[in-house]
Structure formats: structure tokens, C-alpha cells
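>>> What follows is a predicted structure for the sequence shown.
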Amino acid sequence: MSGGVYGGDEVGALVFDIGSFSVRAGYAGEDCPKVSLPALCPNPRAPLQASQSSRALSAQRKALMSGNVGVNPGGGLRALQDMALSPVHAPLQADFPTTVGLLAAEEGGGLELEGEKEKKGKIFHIDTNALHVPRDGAEVMSPLKNGMIEDWECFRAILDHTYSKHVKSEPNLHPVLMSEAPWNTRAKREKLTELMFEQYNIPAFFLCKTAVLTAFANGRSTGLVLDSGATHTTAIPVHDGYVLQQGIVKSPLAGDFISMQCRELFQEMAIDIIPPYMIAAKEPVREGAPPNWKKKEKLPQVSKSWHNYMCNEVIQDFQASVLQVSDSPYDEQVAAQMPTVHYEMPNGYNTDYGAERLRIPEGLFDPSNVKGLSGNTMLGVGHVVTTSIGMCDIDIRPGLYGSVIVTGGNTLLQGFTDRLNRELSQKTPPSMRLKLIASNSTMERKFSPWIGGSILASLAGPQRWGRESERKKTVSPTSALQAQDRQPPP
């Protein structure tokens, strides 16, 4: 029963999966989320001068090289995300970090938060269509930092939009299951629980770690979840439905890192990144010839962050279309013999890409191969997995090696799972049996936590849900969620 019976009718539970790149929401028991929309956060800033672009790129390099891989939130991931919050960019260049929200200080055309009179005039433009409309002074930024909610006003705006435009139902009719980062703090969990009960008056609430939901989506209660998304790559051991906190290993080498490498490639090849919103018309040109395009007239004065968000979409399409992970460690001579891939930029410039399409994603597996990262302490994807398993008890390691679950949008790079399987086969002890679990479906790979939440919410009985009456019995707002803090017996 998905949620329970309220008012004599069976009402379906809602499942929310909060990610750094997007927010997925839908009804429990369904195969895929009803909506996947960008997250949102306002951050008005003054524009930078174009002369700062070279110093900006250097600052990004230093921040990335100072990172470390470890259990505690921070290190390389913190450095990378701090870099993601700094407006270091120049015109016609794609900013490195993922930015997934929009705020415009203007009248009409958006969602205005209620009960915030002192902030009247701030309009939130949420969802993909509204996000792609150029507006004067509209700023774009993610509300999440290190996988945890930082800007609660923006998060409320996302929930308001989801309920009003997609669910189209009253929040108090639906129990809610929501995912959270494995390293989420207790204070943030309490605040989230209080928000859902006090502001939305939901009948029941359940929080679950993303890694646990991913394991459930793949029919496992024990395994190692390798999640490579936009901002970080994480190896999370799960044992009997519980996350083993001491075994979590994180690396900032993920989708945003690949985007930065692509941007540097375009700079080396003197290729301008022109997002589609600037192009009024273009003419076909020969391969490698300068593009012949016409810029739109009367474009609004868009912010740097919004422009760079649109440039990032061009880079992400390039990544999905061109890049490929080599089957073996990168070799320049072998890569030069690989077939080239033709790609056309939105402004009409087109050319073939050969060895560089293999060299860029190589940094995920061998960071020492990346210019400027040699000698760094960051681990490649294969080392992240083996390090995480090595930090767990020796008795459960066979179960972790036997269920290495691959998820996240960054793992959809062509050849990613084949290379990972090859590397892990060489690193796995002879006494262990290795099994890599990676769905062939793009949707299942990207939405694994949501699918696991859909399964769990549809099977969970009413006793599994935390309720408002239970929350009010104690001082802590998470009294209904205490079971989530328990760890499996040693």
C-alpha cells in the first residue's frame, strides 16, 4: 500500500529525490518520476570583467589540486564546490560548475513565495522552459552544497512549484518519502522534517539515504554503490539496508570536472561556445572553417551565471555525443588510431574529434594523466571503489565486491562500465568474486534513487512512516526518523 488510507480513500505517497543537478518527483509505485526539473537558488551578483577569466581558470586549477579524498565532507569536494559558487567566467565561456536555478527580480511571469513580504518582488522562474528564457539580471545557482540543502527558501520554491504545477494536489493528502545524502547532518534532517510537517502539513514523512534507495532499485540490500554525478563521485557501502559511514569515499572527479576539461579543449582549439539563445541564423560551412552565423538583436542584458548555464548545456551535449572512455589506460598512439567523431556546434562550426575524445574522460580513472593534476592525492574511480571496500570490515567485503552498483548520469559516458570492470578485475583479491551491476537503461541509471524510493514507499506499511503526532511527542523534530540513525550491529 503506497502511503496508506486517509479519509477513507487510498492515497499514493510522493517520492522526492533531491540532487545537485535536478530534482525528481512522482508517485510511489510508478516506473519513473513524474517530473525531473532543475533545482533553484537566487544569488544576485555584480558582473566580472572579461580580463579576470585567466585568473579565474588558474584559481579553479589551484582549488582542484588542493583537494583530498576522504570520508569527511570537504577536502577536494569542498574545494570544488566552493569553486562552483564563485562567478569566475568571461563572455562566451562556459563556467565550470553546474548551476541549476533561476531568480529574476521583476514583476510577473514566475512563482512568488507567500508570506515573505520583506522580499516582495523576487520572482522564481522554475522548470526547464522558464529557465531557458533570457531575462535581464536573472541569476542562476544551485541551492545545494556538498549534496545538502543550503538555501531553504529556494528549496521551498521548488516544492511549491512541484505541488502546484506537476502534482496538482494538496500536500496534506500525500505522505512523502525523500532522499538525502549519506553524509547529511542531523540538524539539516531536523529542519527538513520540521519544514515538511509545519509548512506543508503532510500526513507522514520518511527520509532514506540515496545509496540505500539505489541498492533497493537494483534488488540488493547489501552492496557498494558507486554514484558518479555532476559534482562528485562517491563510493558508499551498504550492508543490510544501512549505510556504513566509515567506508564512504568521495572524489571531486565527476561530471563538472569533465565539463572543465572540455572547456579547456575548446580554448586550446580556439572554438567559441555560442549558446543557441544568441543565434538568429547560421549558414552551413565546410569542416574546420570559421562559422557563419548572425547574432540575435535586442537581447536582454543577461547575467554571467545564466549565460554560462546555457554554455554548459552545449558542453554537456558534446560530452554525451563525442566523449568515450578508453578500454585500457590512455595511450596516445592507440588513441590516434581510434575512429573520429564529427560534431557541430550550435553556431555551425564543425570538425572531427579523435584522440582528445578519449583523453578527456581518462582523468576520471587516472588523474595523473590530466595536465596540472600530476602528483595530486585524488583517486581515480577504480581506486575509490577499492579504498571504500578496504575501509569496511573484512567479513562483509565479499558481499560488497559481489554487488558493485553503478549509478549516476556521469556513468553514462560510453565505455565507462567496461573500463571500470577491467580495472576492478585487476584490483580484486583472488578470493573475492567481482560482480558489476549497471543497468543498460539510461533512465534507470539516472533515476536509481527515485526508483528505489518508489519501490520502498509502495511496499512500506503505515508503521514505517514518521507522523506529525510522533514528532510532537519529543523536542527533536526527527523523533519519527530515529530508526534512520541506527547502524547495523558489529
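Structure received. All figures in this text were calculated on a predicted structure; none of them were measured in a lab.
>>> where in the stretch 51-200 of the chain is pLDDT low?
Scanning the stretch 51-200 of the chain for pLDDT under 70 picks out the ranges 51-122.
>>> As a check, name the ranges of all helices in it.
Taking DSSP state H, counting those that start in this stretch, the helices of the stretch 51-200 of the chain run over residues 53-65, 75-84, 128-131, 152-161, 186-198.
>>> CA-only coordinates of the last one in PDB, if you can.
Below are the C-alpha coordinates for helix 186-198, written out as PDB (Å, rounded to 0.1, in the frame of the first residue of the first chain):
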ATOM      1  CA  ARG A 186      21.200  15.700  11.900                       C
ATOM      2  CA  ALA A 187      20.500  19.400  12.100                       C
ATOM      3  CA  LYS A 188      19.500  19.600   8.400                       C
ATOM      4  CA  ARG A 189      17.400  16.500   8.700                       C
ATOM      5  CA  GLU A 190      15.500  18.000  11.700                       C
ATOM      6  CA  LYS A 191      15.000  21.200   9.800                       C
ATOM      7  CA  LEU A 192      13.700  19.400   6.700                       C
ATOM      8  CA  THR A 193      11.300  17.300   8.800                       C
ATOM      9  CA  GLU A 194      10.000  20.400  10.500                       C
ATOM     10  CA  LEU A 195       9.500  22.100   7.200                       C
ATOM     11  CA  MET A 196       7.500  19.300   5.700                       C
ATOM     12  CA  PHE A 197       5.300  18.900   8.700                       C
ATOM     13  CA  GLU A 198       4.800  22.500   9.700                       C
END
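>>> other SSEs contacting that helix?
Applying 3 or more Cβ pairs under 8 Å, 6 or more residues apart in numbering; DSSP states H and E, one finds that helix 186-198 contacts strand 148-149, helix 152-161, strand 176-180, strand 204-209, helix 468-471. C-beta: built from backbone N, CA, C; applies to glycine.
>>> and the ones you listed as a markdown table, adding distance to Val322?
Listed next are the helices and strands packed on helix 186-198 as a markdown table, based on distance: least, Cβ to Cβ, whole Å:
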| stretch | distance to Val322 |
| --- | --- |
| strand 148-149 | 33 |
| helix 152-161 | 32 |
| strand 176-180 | 31 |
| strand 204-209 | 34 |
| helix 468-471 | 50 |
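>>> Report the rounded mean pLDDT for stretch 304-318.
What stretch 304-318 shows for mean pLDDT is 92.
>>> Restrict it to CA atoms and write it as PDB.
Output in PDB follows, covering the C-alpha atoms of stretch 304-318 (Å, rounded to 0.1, in the frame of the first residue of the first chain):
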ATOM      1  CA  LYS A 304      27.100  35.900 -16.500                       C
ATOM      2  CA  SER A 305      25.800  33.000 -14.500                       C
ATOM      3  CA  TRP A 306      22.800  32.500 -16.800                       C
ATOM      4  CA  HIS A 307      24.900  32.800 -19.900                       C
ATOM      5  CA  ASN A 308      27.300  30.200 -18.500                       C
ATOM      6  CA  TYR A 309      24.500  27.900 -17.600                       C
ATOM      7  CA  MET A 310      23.400  27.900 -21.300                       C
ATOM      8  CA  CYS A 311      27.000  27.300 -22.400                       C
ATOM      9  CA  ASN A 312      27.200  24.400 -20.000                       C
ATOM     10  CA  GLU A 313      24.300  22.800 -21.800                       C
ATOM     11  CA  VAL A 314      26.300  22.900 -25.100                       C
ATOM     12  CA  ILE A 315      29.200  21.300 -23.300                       C
ATOM     13  CA  GLN A 316      27.100  18.500 -21.800                       C
ATOM     14  CA  ASP A 317      25.700  17.700 -25.200                       C
ATOM     15  CA  PHE A 318      29.200  17.500 -26.500                       C
END
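>>> Would you mark the buried spots in that stretch?
Buried residues in stretch 304-318, counted by 16 or more other Cβ atoms under 10 Å: 304-312, 314-316, 318.
>>> which among these gets closest to Trp450?
Set against Trp450, the nearest of those by Cβ to Cβ is Gln316 (20.2 Å).
>>> can you give me phi and psi for that closest one?
With angles defined as degrees, to the nearest 10, Gln316 sits at phi -60, psi -40.
>>> Excluding covalently adjacent residues, which one is nearest to it?
If the residues on either side of it in the chain are set aside, Gln316 comes closest to Ser259, at 6.9 Å by Cβ to Cβ, 6 or more residues apart in numbering.
>>> my read: that neighbour touches Val314, true?
No - in this structure Ser259 lies outside contact range of Val314 using Cβ atoms under 8 Å: 10.2 Å.
>>> Just give me the neighbour total for the nearest residue to Ala289 once chain neighbours are set aside.
Among residues not flanking Ala289 along the chain, Tyr349 sits closest, at 7.8 Å (Cβ to Cβ, 6+ apart). Burial of Tyr349 is recorded as 21 neighbouring residues (other Cβ atoms under 10 Å).
>>> who's in contact with Tyr349?
Contacts for Tyr349 were tallied using Cβ atoms under 8 Å, 6 or more residues apart in numbering; they are 271-272, 285, 289-291.
>>> what's the span of stretch 424-440, first residue to last?
One end of stretch 424-440 to the other measures 19 Å (Cα to Cα, to the nearest Å).
>>> contact partners of it?
By Cβ under 8 Å, 6+ apart, stretch 424-440 touches 218, 220, 223, 382, 385-386, 397-398, 401-406, 411, 417, 420-421, 445, 448.
>>> helix or strand for the residue nearest to Gly29 when sequence neighbours are not counted, which one?
Excluding its sequence neighbours, the residue lying closest to Gly29 (Cβ to Cβ, 6+ apart) is Ser458, at 3.9 Å. Secondary structure from DSSP states H and E places Ser458 in helix 448-459.
>>> Mind listing what's buried along stretch 446-459?
Here stretch 446-459 shows 446-458 as buried, counting by 16+ other Cβ under 10 Å.
>>> Quick one: residues contacting Ala254.
228-233, 364, 408, 410.
>>> do the same with Ala28
Going by Cβ under 8 Å, 6+ apart, Ala28 touches 2-3, 12-15, 177, 453-454, 457-458.
>>> how near is it to Asp17?
Using Cβ to Cβ, to the nearest Å, one gets 12 Å for the distance from Ala28 to Asp17.
>>> got it, and Tyr330?
Taken as Cβ to Cβ, the span from Tyr330 to Asp17 is 34 Å.
>>> Which one of these two is surrounded by more residues?
Neighbours per residue, other Cβ under 10 Å: of Tyr330 and Asp17, the larger number sits with Asp17, 25 against 18.
>>> CA atoms of the helix or strand the more buried one falls within as CSV?
Taking DSSP H and E as the criterion, Asp17 maps to strand 14-18. Taking C-alpha atoms only, strand 14-18 is exported to CSV below (Å, rounded to 0.1, in the frame of the first residue of the first chain):
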residue,chain,number,x,y,z
LEU,A,14,5.0,11.1,-3.2
VAL,A,15,8.7,10.4,-3.7
PHE,A,16,11.3,13.2,-4.0
ASP,A,17,14.9,12.7,-5.0
ILE,A,18,16.9,15.8,-4.4
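>>> If anything else comes up later, I'll come back, but that's it for now.
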